[in-house]
Structures are given as structure tokens and as C-alpha cells.
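1. What follows is a protein structure lacking sequence information:
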């Protein structure tokens, strides 16, 4: 990379049709001297073996597995503008020394932390019932006593990544007791925050926030067994990935009044089907995977994606690495590619 000229060479395959995140990123890369080939869908890309064979970087929304990686011998990395990588074969990429650069940047973290607390408050104060009361004209009976002070609650947070840590920082200001479940022991936690096993968190928490990543081990983490441990008035908030929850078991628990209120921004199937039983639950606040979409995030996403791609073309790790375990193998791969 010639940093003085701000130009970089290499071949990038762009897979995606959305203008801002894919069309504009392709133009920005071309402006920096990058050779760009754009494809509307994965099938068209796979059919063009020459494009894959020459690609240094793939810039895609998701869905990349071992077969595509093996068809790209020059590949330095895969970049997605999004934070989540559950549709990628992370293990296959890491085994081949291919880094996945994702959209984990400050604005994403802060926006999602804000949105998570917003949904918690909306559920705690039963905002849906209040809005419906006005939509129906005016409540015949006063809507009183349904809200719940966060200060009086124990809030359980499943996961301890950047977003979860940002949520902890916000909730400490409300004065609630905080429980955290993480896969690994956490060395230092702020005052008022305690790491506990998942089963204990489910039993003790008045509200549970799902902020874990989705993988083979965490799929349906919230299942019938875990739901049975929860308090009957518990609030469940999910702003991470829909696959963390067994939705069939969740719907049954709500209908049987074993779960209090829900605030869900993500679902197992997206878009959420019109006949999904979740839509008919009066205790549920549902948003279409957009709760954390802010102006600041939208503005930063394409810039950050370009930075990730350019870093890989320059032989450097991306600005945000979703599979850091692959770094040693990636460095060896880069040495072979340079030879």
C-alpha cells in the first residue's frame, strides 16, 4: 500500500445489492485503485471460478463456507459490514488461516447498548399496554402499578462482549443488582456485578438480557429447561441473535404465564413470518432487527468496512477481527502468499 497516495492494489469480490453498504463501498475501493468485481448473489459468484481464484478479499453480507474459501487460494480475508458472523463457517476460515473482519466499532457497541436498555425499560414499564390503551381511545380503568423500577430489580446479562460490557456500564447507573454469565472466568468486575452460572442467573434474575454470540454451543441456549427455572414475571430481552432462543418453548412458556414480558429485536427466522405465534403475544414488544440502527452507525459502517478491506490488502489484520484465534495461521498464510 502506498500510504502517501492513499492507494492500494489487489482484487476484491463484492457480494451484495444494498447500495450504501455494498455499492458505495465498491466505488470507494475502486477510487483507491482496487480491482472490484461485484456479484448480486452467492450462486453467481460460485459460478465464476476465475473471480474467486483471483480474489484477495471477499466483501460479503454472510453465508461463506469451506467450499467458497477453498475456491479462493489467494484469499487474505473475508469482510462483512455487520457485527454478527453466525452465517459464516468460522471454524473453516480459522483452520485455513483466513481472517473475518466484521463491523464491531464504537458506534455499533454504543447503539446496541442503548437499544438493549431501551427495550428493557419499555418492557419493565409495559409500554405496549400503555400505547394500546391510548390507541383504543382511553383506558377505562387506570393503568397503574404495572411498571417496575430497575433499581428494585436483579438484571442478568448473558454474555460479556463489548456490547454486554457497555450495557453493564449503563445499568450500574440505575442501581440494580447485576449478574453476568460468561463462558470463561472474568478476572475483574465492577462493584455490584457478579459472575454466576447460567442456571443461577435464570433463577435469580428479574430481567434477563441476551447478549451472547450465536454458535453451535449457544444455539437454543434459552430452552424449555432454562425457561422453567425463570421467575414467572421475568422480563426477557434479546438484541443478539434469534437462534439463542427456542421460540417454540418460549411461546409455550408465555402462554402458560410462566414468563412475564418479552422484548425481542431478533428472531430465529427473519423476516419474522406473518403467522409467527410471537406476533400474537400481548406481553411481547417486537422490533424487526433494527433497534440499534442509528444515524451514527449507518454513517460509520461503510467507512469501517472500507478500512477493513484496505488493511487486508495492505497485509495487515482488519480493524475488527471476529476470529482472532486465526491470527497465527493467518500470518503464516500471508508469508506463503508473499513468497
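-> Everything's here; your move. Here the structure is a predicted model, which means the values were calculated and not measured. Residues are numbered from 1 along each chain as shown.
2. Every contact and neighbour count from this point should use C-alpha atoms.
-> Will do.
3. now the helices: where do they sit in the protein?
-> Using DSSP state H, the helices found in the chain span residues 24-31, 42-47, 49-54, 66-70, 90-95, 106-124, 127-135, 162-172, 198-204, 224-229, 247-255, 295-313, 327-338.
4. right, so of those helices, which gets closest to residue 188?
-> Comparing the helices of the chain by their distance to residue 188 (C-alpha to C-alpha), the top pick is helix 162-172, with 11.9 Å.
5. Show me what the closest one packs onto, helices and strands only.
-> Applying 3 or more C-alpha pairs under 8 Å, 6 or more residues apart in numbering; DSSP states H and E, one finds that helix 162-172 contacts helix 106-124, strand 177-181.
6. winner for burial among these?
-> The highest mean neighbour count among the helices and strands packed on helix 162-172, using mean count of other C-alpha atoms under 10 Å, belongs to strand 177-181: a mean of 23.
7. average pLDDT across that one?
-> If you average the pLDDT over strand 177-181, you get 99.
8. List the pairing partners of that strand within its sheet, with orientation.
-> Note on strand 177-181: by DSSP bridges, its sheet partners are strand 154-158 (parallel), strand 193-195 (parallel).
9. Show me the one of the ones you listed that comes nearest residue 224.
-> strand 154-158 (16.7 Å).
10. coming back round to it: do you know which of the helices of the chain lies nearest residue 276?
-> For residue 276, the closest of the helices of the chain is helix 247-255, at 9.6 Å, according to C-alpha to C-alpha.
11. With mean pLDDT and distance to residue 325 added, can I get the strands paired with strand 177-181 in a markdown table?
-> A markdown table is the format used below for these (pLDDT from 0 to 100; distance: least, C-alpha to C-alpha, whole Å):
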| stretch | mean pLDDT | distance to residue 325 |
| --- | --- | --- |
| strand 154-158 | 99 | 22 |
| strand 193-195 | 98 | 24 |
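12. and the lowest-mean-pLDDT helix or strand in the chain with helix 106-124, angle?
-> The weakest-scoring helix or strand in the chain, judged by mean pLDDT, DSSP states H and E, is helix 127-135 (a mean of 90). Helix 127-135 and helix 106-124 are oriented at 60 degrees to each other (axes from the mean of the first three to the mean of the last three C-alpha atoms, to 10 degrees).
13. What lies in contact with helix 127-135?
-> Contacts to helix 127-135, defined as C-alpha atoms under 8 Å, 6 or more residues apart in numbering, come from residues 122, 139, 143, 283, 284, 285.
14. Return the residues in contact with the residue positioned nearest the centre of the chain.
-> Central residue of the chain (C-alpha atoms, centre = their mean): residue 84, 4.0 Å from the mean position. Neighbouring residues of residue 84 by C-alpha under 8 Å, 6+ apart: 102, 213.
15. What is the end-to-end distance of stretch 173-188?
-> End-to-end distance for stretch 173-188, by C-alpha to C-alpha, to the nearest Å: 19 Å.
16. OK, contacts around residue 309?
-> Applying C-alpha under 8 Å, 6+ apart, we find residue 309 in contact with 57, 59, 79, 318.
17. The second one is in contact with residue 76, isn't it?
-> No. Judged on C-alpha atoms under 8 Å, residue 59 makes no contact with residue 76 at a distance of 11.4 Å.
18. what touches both of those two?
-> Going by C-alpha under 8 Å, 6+ apart, no residue sits against residue 59 while also sitting against residue 76.
19. What is the burial count for residue 235?
-> Counted with other C-alpha atoms under 10 Å, residues neighbouring residue 235 total 23.
20. Might one say that it is in contact with residue 206?
-> Yes. Between residue 235 and residue 206 there is a contact at 6.4 Å, judged by C-alpha under 8 Å.
21. And the residue of the chain most remote from its centre, how close does it get to residue 133?
-> No residue in the chain sits farther from the centre than residue 140, which is 41.1 Å out by C-alpha atoms, centre = their mean. Shown here: residue 140 relative to residue 133, a distance of 9 Å by C-alpha to C-alpha.
22. How about residue 308?
-> Residue 308 is 48 Å from residue 133, where distance means C-alpha to C-alpha.
23. and if you look at residue 206?
-> Applying C-alpha to C-alpha to residue 206 and residue 133 gives a distance of 25 Å.
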